[in-house]
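>>> here is a sequence together with a model predicted from it:
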Amino acid sequence: MQDNELLALLRQKDPAGLEALLLHYGPFLRYIISPILPDPRDQEECLSDISMRVWEKCGSFLEGRGTLKSWLAAVARNAALNRARTHRPAEELSPDLPAPGEAPEEKVLKQERLDALARAMSSLTPGEKALIYRKYYFMQPIAQIARELGMTQRAVEGRLYRLKQRLRKALGGDGIDGP
């Protein structure tokens, strides 16, 4: 089934669209969420959450802005991160903590950092960007990246280290403090 046919079924709220989605994209969605949610039960619940989000939000997908696969990857990643966040043990709040939410200055600084990071990332090759995204956006383990790229783990670690150094330099030395 083509993506446009799948979207048409989902937008018509036809249950066959959900079945087709899980049949065609289920393995891909599991691939995205498994590094973030190692527990198979959480993965199943997250896959169910993703299905519902796609069902409800498929009208917001704009074909001209990207592919269905990239939109599904973003939906899956965000759903997995949300589930991982909600399953952390609750921390007791101190009365000395500031009010939640960002101050206007923090929002401006955050946007400036994001703009600088986007400029720095634009200097990378597509393969280098893919490596950064796999490790820090999709949170894939080094072993998985190495296996799928046919590299040793040390080679992947070395490339990531050099890429982070280049990005730090491009950002003025203090831009990326990733895992």
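Ah, there it is. Numbers count the residues shown, from 1 in each chain.
>>> quick one: the helices in the chain?
3-11, 15-33, 40-57, 68-86, 104-122, 126-132, 142-149, 153-170 (DSSP state H).
>>> just the C-alphas of the third one, formatted as PDB.
Yep, that's helix 40-57 we're talking about. This file holds the C-alpha atoms of helix 40-57, laid out as PDB (Å, rounded to 0.1, in the frame of the first residue of the first chain):
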ATOM      1  CA  PRO A  40       8.700  -4.700  25.900                       C
ATOM      2  CA  ARG A  41       5.500  -3.800  27.800                       C
ATOM      3  CA  ASP A  42       6.300  -0.100  27.600                       C
ATOM      4  CA  GLN A  43       7.000  -0.600  23.900                       C
ATOM      5  CA  GLU A  44       3.600  -2.100  23.300                       C
ATOM      6  CA  GLU A  45       1.800   0.600  25.200                       C
ATOM      7  CA  CYS A  46       3.800   3.200  23.400                       C
ATOM      8  CA  LEU A  47       3.000   1.700  20.000                       C
ATOM      9  CA  SER A  48      -0.700   1.900  21.000                       C
ATOM     10  CA  ASP A  49      -0.200   5.500  21.900                       C
ATOM     11  CA  ILE A  50       1.500   6.200  18.600                       C
ATOM     12  CA  SER A  51      -1.400   4.600  16.700                       C
ATOM     13  CA  MET A  52      -3.900   6.800  18.500                       C
ATOM     14  CA  ARG A  53      -1.800   9.900  17.900                       C
ATOM     15  CA  VAL A  54      -1.500   9.100  14.200                       C
ATOM     16  CA  TRP A  55      -5.300   8.400  14.100                       C
ATOM     17  CA  GLU A  56      -6.100  11.700  15.700                       C
ATOM     18  CA  LYS A  57      -3.400  13.900  14.100                       C
END
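>>> okay, now the unreliable bits of the chain?
88-101, 173-179 (pLDDT under 70).
>>> cutoff 50 now
90, 175-179 (pLDDT under 50).
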